[in-house]
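K.L.:
With the input below, show me the fold.
(one chain, ligands or ions: 2)
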Amino acid sequence: MQQPDGSLVPSPDVPSLRGAVRPAAPFPRDAPFVRAFARVCSDGFAQGWHEANGGNLSYRLTSDDVAECGDSLAGEPPEGDPAWHALPPEARVPGLAGQFLLISRAGCHMRSVADDLPGSCALVQVARDGGAWRLACGLSHGGRPSSELPTHLLAHAVRLRASAGADRVVYHAHCPSVIALSTLLPADERAWTRVLWRCMTECVIVFPEGVGVVPWKVPGSLDIARASAGLLATHRAVVWTQHGMFATGQDFDAAFGLMHTIEKAASLYLTARAANGGAEPPFLVSDEQLRAVCASLGVEPNPACVD
Ligand code: 2HA
Ligand code: ZN
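P.N.:
Ligands and ions are numbered 1, 2, ... in the order given. Reported below is the predicted structural model:
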């Protein structure tokens, strides 16, 4: 169901995400991380991944980013202050205590983010106990953070742990070939990973851990957030069947590049399969070739996905 601003109504199990929140401080629109954030939104739209308000993006600030923002991020209210929005117990993120995240606004169109950064983004801080968030700045016309905030929060917490603090970007896009492929393949990690690896040699090098696959679930729900976070502990990308994909990375290039590689491989496979009358293409990269390229580059492929 959509609201007048085009955003999805949050699931009833995410009550803390309801209601508009008001900004407090000037938005750091010229900070390099904000410019890079805007570029991903524009580039993703140019790729055809963001129809209407589809997709969302978040970035976990470094301490240098925070220092550069100065007063914009100051004034942390005391615990219990109404500025803090409590998170449902399943979406608590103690691992992100005190961290700042830049995230797109619910209902915003990625195409237009660069034209109105303060109105299209929220800069939020996670509370010291990981059980609440507050708006530091942004959302200059009101609104709230992305309807997929629970997935973004849990994904950041999981990827921070898995990457020893390196991963900072969580990107969600409605990539057409991945969505189309999800109407043909079972929601199975091995099936997906093998199709992607075997139609383009570079794939096993770019994502040797394979891709996680979340079976269909309600968008914006805690259910889809938990399922995604579980898979993101061991994968940097997860497919949401009949919906799109989440890709994560150390920086915007890494997350965008991973999304792009997977979407391109899915597109190649669909094209080849259609050209072959709908049947499996006969000349895919073999298991022996997968192992050879991994050995030559010192990459360890997910053993469950190579024979
Ligand atoms: O931002 O993509 O999954 C809108 C969505 C919800
Ligand atoms: Zn979506």
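
K.L.:
Contact residues of the stretch 151-300 of the chain facing ligand 1?
P.N.:
Applying CB under 6 Å from any ligand atom, one finds that the stretch 151-300 of the chain approaches ligand 1 through 172, 219. For glycine as for every other residue, the C-beta is placed from the backbone atoms N, C-alpha and C.

K.L.:
check contacts around the residue of the stretch 151-300 of the chain found nearest ligand 1.
P.N.:
Evaluated by CB to the nearest ligand atom, the stretch 151-300 of the chain has residue 219 as its residue closest to ligand 1, separated by 4.0 Å. Taking CB atoms under 8 Å, 6 or more residues apart in numbering, we find residue 219 in contact with 8, 147, 148, 240, 243.

K.L.:
among these, who's most crowded?
P.N.:
Taking other CB atoms under 10 Å as the neighbour criterion, residue 148 ranks highest of those with 29 neighbours.

K.L.:
Quick check: chain neighbours aside, which residue is closest to that one?
P.N.:
In space, residue 148 comes closest to residue 56 once its chain neighbours are excluded; the distance is 5.2 Å by CB to CB, 6 or more residues apart in numbering.

K.L.:
Next one, pLDDT for that neighbour please.
P.N.:
pLDDT recorded at residue 56 is 98.

K.L.:
bridging residues for it?
P.N.:
residue 172 (DSSP bridges).

K.L.:
count of neighbours near it?
P.N.:
25.

K.L.:
now swap in the one 5 residues further on and tell me
P.N.:
For residue 61, the count of nearby residues is 21 (other CB under 10 Å).

K.L.:
Identify the residues contacting it.
P.N.:
Residue 61 neighbours (CB under 8 Å, 6+ apart): 33, 69, 99, 100, 101, 102, 168.

K.L.:
just residue 148 next, same as before
P.N.:
Here residue 148 is in contact with 56, 172, 219, 220, 225 (criterion: CB under 8 Å, 6+ apart).

K.L.:
which one of the residues you listed is nearest residue 236?
P.N.:
Nearest to residue 236 among those is residue 172, at 13.4 Å by CB to CB.
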